[in-house]
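Chemist: how would this look folded up:
(one chain, ligands or ions: 1)
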Amino acid sequence: MTEVQLQEFKLEPDSELRFEVESKNEKVVLEVKTGYAELFGTELVKGKPYEFHTGAKVAVFTWHGCTVELRGRTEVSYVAKETPMVVYLNVHAALEQQRIAAEDQGTRGPVAMIVGPGDVGKSTLTKLLLNYAVRMGRRPIYVDIDVGQGHISIPGTIGATLVERPASIEEGFSQQAPLVYHFGHKSPGDNVELYKTIVSRLAEVVTERCEHNKKASSSGLIINTCGWIKGTGYKMLTHAAQAFEVDVILVLDNERLFIELKRDMPKFVKVVYLPKSGGVVERSATQRTEARDVRIREYFYGTRTPYYPHSFDVKFSDLKIYKVGAASLPASCMPLGMRAAEAKTRLVAVTACAPLAHRLLAVSFAAAPGDDVLHSNLAGFICVTAVDAERQTLTVLSPQPRPLPNTVLLLSELQYMDNH
Ligand SMILES: Nc1ncnc2c1ncn2[C@@H]1O[C@H](COP(=O)(O)OP(=O)(O)OP(=O)(O)O)[C@@H](O)[C@H]1O
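Modeler: Here you go, the predicted model:
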């Protein structure tokens, strides 16, 4: 049921206002009138209007008490007094102790990985801990290995970025030259070998960069993961824990996972169980698809700051398009000496034209398929908006004007319908 257009809420200390914007093309404006409030760890400026659009699920938390005004139609809006924020703040304090020790001794800061099933608030806790760290003057590294949403770049990728200031309410963490690796699918299960390869590579490069940045090194890492926690999903989590040499695992709302990790992790890894917030909203498959679409649209068109992408034709023969992973064949049919697992990380040249329509292509820094493409960072993405089979050309949407760099393009399974 929809509610009134203008609402004012008085929040007691240690409580939060939760609201959702659901109606199509709706806009809700939030303003803090008195007191202090924060949104997933980012402080809100008193008297400044913040806009939220369709799909937003928000919690405005206050440690000291405040008055908040909402303008626009919200499907749900209520004040909750029970939140796990004190527990989360204690986690931050413990990480901070580790950072202080790391700084004193010139060692590496805490490497914390957040795990749990889908929709328990993993991404939200990641953001909160990063925001609190950066507000204390730290420079933590944000690592996202959740290919389903791709918070650092776009869905179908994993990445890492140095956090130097709190996330902006509208645009998230600002990113300067993030490290991004291509996966090309929505779930790690679609190519487990490739997922392991790129997670290991990302861990390697992040560790290397930390060696040259003392401040980042002592601030540590916060790693957000996928909600796939059973069977192979669990193995992917333990593989990531090993690759990043984590020393803290925060398990949100799943006792079985907590017990399994406590059993399987080496003794020096602290496994901590945390409750989820009652405010975390479950998302349907459709909402997840929509969120992915929004993420891709933002990549090309921007959020608050608009971007103006370019659209142009390119000859198919001028492009080096590859997909990762050959079709799986029985072992007896594999080329001599090749294992099935190796086939999953092989580059296969893409020849067909028509099925490329609306697909995303990752622009690699690698110039040729022989140059260890999977270990190369990505320069960006383009989207194929039309295919002309007769002229053998593709129309692409690109953040940069033509010409496209003469590098390898990696085909993603993700699609985007450009109807901007
Ligand atoms: N306290 C809260 N009140 C209201 N909404 C919240 C709260 N915490 C999180 N949310 C919202 O709930 C949704 C799901 O949270 P989040 O993305 O953090 O979960 P997740 O576990 O990372 O999900 P996934 O498994 O998809 O990665 C988000 O839209 C987020 O904004």
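Chemist: number of nearby residues for the residue lying closest to V192 once chain neighbours are set aside?
Modeler: Spatially, and ignoring its direct neighbours in sequence, V192 is nearest to T232 (6.0 Å; C-beta to C-beta, 6 or more residues apart in numbering). Every residue, glycine included, has its C-beta placed from N, CA and C. When neighbours are counted by other C-beta atoms under 10 Å, T232 registers 13.
Chemist: ramachandran angles for T232?
Modeler: With angles defined as degrees, to the nearest 10, T232 sits at phi -60, psi -30.
Chemist: check contacts around it.
Modeler: Listed by C-beta atoms under 8 Å, 6 or more residues apart in numbering, the contact set of T232 reads P188, G189, V192.
Chemist: counting neighbours, which of those comes out on top?
Modeler: Neighbour counts for those were taken using other C-beta under 10 Å; the highest belongs to P188, with 28 neighbours.
Chemist: can you pull the pLDDT of it?
Modeler: pLDDT recorded at P188 is 95.
Chemist: so what's I249 up against?
Modeler: Going by C-beta under 8 Å, 6+ apart, I249 touches A112, M113, I114, V115, A241, L261, M265, V269, K270, V271, V272.
Chemist: make it 10 Å
Modeler: Listed by C-beta atoms under 10 Å, 6 or more residues apart in numbering, the contact set of I249 reads 111-115, 223, 225, 237-238, 241, 257-258, 261-262, 265, 269-273.
Chemist: show me where this protein has its helices.
Modeler: Assigned by DSSP state H, the chain shows helices spanning 85-105, 122-135, 192-211, 214-219, 232-243, 255-264, 285-301, 340-343.
Chemist: before we move on, back to that, buried subset of the contacts of I249?
Modeler: With burial judged by 16 or more other C-beta atoms under 10 Å, the buried subset of those is 111-115, 223, 225, 237, 241, 257-258, 261-262, 265, 269-273.
Chemist: is N224 in a bridge, and if so with what?
Modeler: I114, D144 (DSSP bridges).
Chemist: measure G279 to P84 for me?
Modeler: Taking C-beta to C-beta, to the nearest Å as the measure, G279 falls 10 Å from P84.
Chemist: find the closest residue to the ligand in the stretch 251-400 of the chain.
Modeler: G279 (2.4 Å; C-beta to the nearest ligand atom).
Chemist: any idea of the pLDDT on that residue?
Modeler: G279 is assigned a pLDDT of 93 by the prediction.
Chemist: spatially nearest residue to it (excluding sequence neighbours)?
Modeler: R18 (4.5 Å).
Chemist: next, count neighbours for the one you found.
Modeler: R18: 21 surrounding residues under other C-beta under 10 Å.
Chemist: tell me where this protein is predicted with low confidence.
Modeler: Within the chain, the stretches with pLDDT under 70 are 1-4, 327-341, 352, 354, 371.
Chemist: which residues of the stretch 101-250 of the chain lie near the ligand?
Modeler: Counting by C-beta under 6 Å from any ligand atom, the stretch 101-250 of the chain comes close to the ligand at G118, D119, V120, G121, K122, S123, T124, D146, Q149, G227.
Chemist: one step back: overlap in contacts, G279 and P84.
Modeler: Taking C-beta under 10 Å, 6+ apart as the criterion, G279 and P84 both touch G121.
Chemist: which one of the two is surrounded by more residues?
Modeler: Using other C-beta under 10 Å, the more surrounded residue of G279 and P84 is G279, with 22 against 19.
Chemist: can you list the contacts of T232 in a markdown table and add distance to F9?
Modeler: Formatted as a markdown table, those follow (distance: C-beta to C-beta, whole Å):
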| residue | distance to F9 |
| --- | --- |
| P188 | 40 |
| G189 | 42 |
| V192 | 46 |
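Chemist: show me which of these is closest to the ligand.
Modeler: For the contacts of T232, the nearest to the ligand is P188 (12.4 Å; C-beta to the nearest ligand atom).
Chemist: could you check how far K27 is from Y78?
Modeler: Noted for K27: a distance of 20 Å to Y78, by C-beta to C-beta.
Chemist: tell me the contacts of H185?
Modeler: Applying C-beta under 10 Å, 6+ apart to H185 gives the contacts V147, G148, P155, G156, N191, L194, Y195, V324, G325, S412, E413, L414.
Chemist: please redo it, this time with the cut-off set to 8 Å
Modeler: So H185 contacts V147, G156, N191, S412, E413, L414 (C-beta under 8 Å, 6+ apart).
Chemist: and the residues you listed, which of them are buried?
Modeler: Buried subset of the contacts of H185 (neighbour count, 16+ other C-beta under 10 Å): V147, G156, N191, S412, L414.
Chemist: can you put those residues in JSON lines and add distance to V396?
Modeler: Formatted as JSON lines, the buried ones among the contacts of H185 follow (distance: C-beta to C-beta, whole Å):
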{"residue": "V147", "distance to V396": "23"}
{"residue": "G156", "distance to V396": "17"}
{"residue": "N191", "distance to V396": "24"}
{"residue": "S412", "distance to V396": "13"}
{"residue": "L414", "distance to V396": "15"}
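Chemist: which of those sits closest to the ligand?
Modeler: If you rank these by distance to the ligand using C-beta to the nearest ligand atom, V147 comes first, at 10.3 Å.
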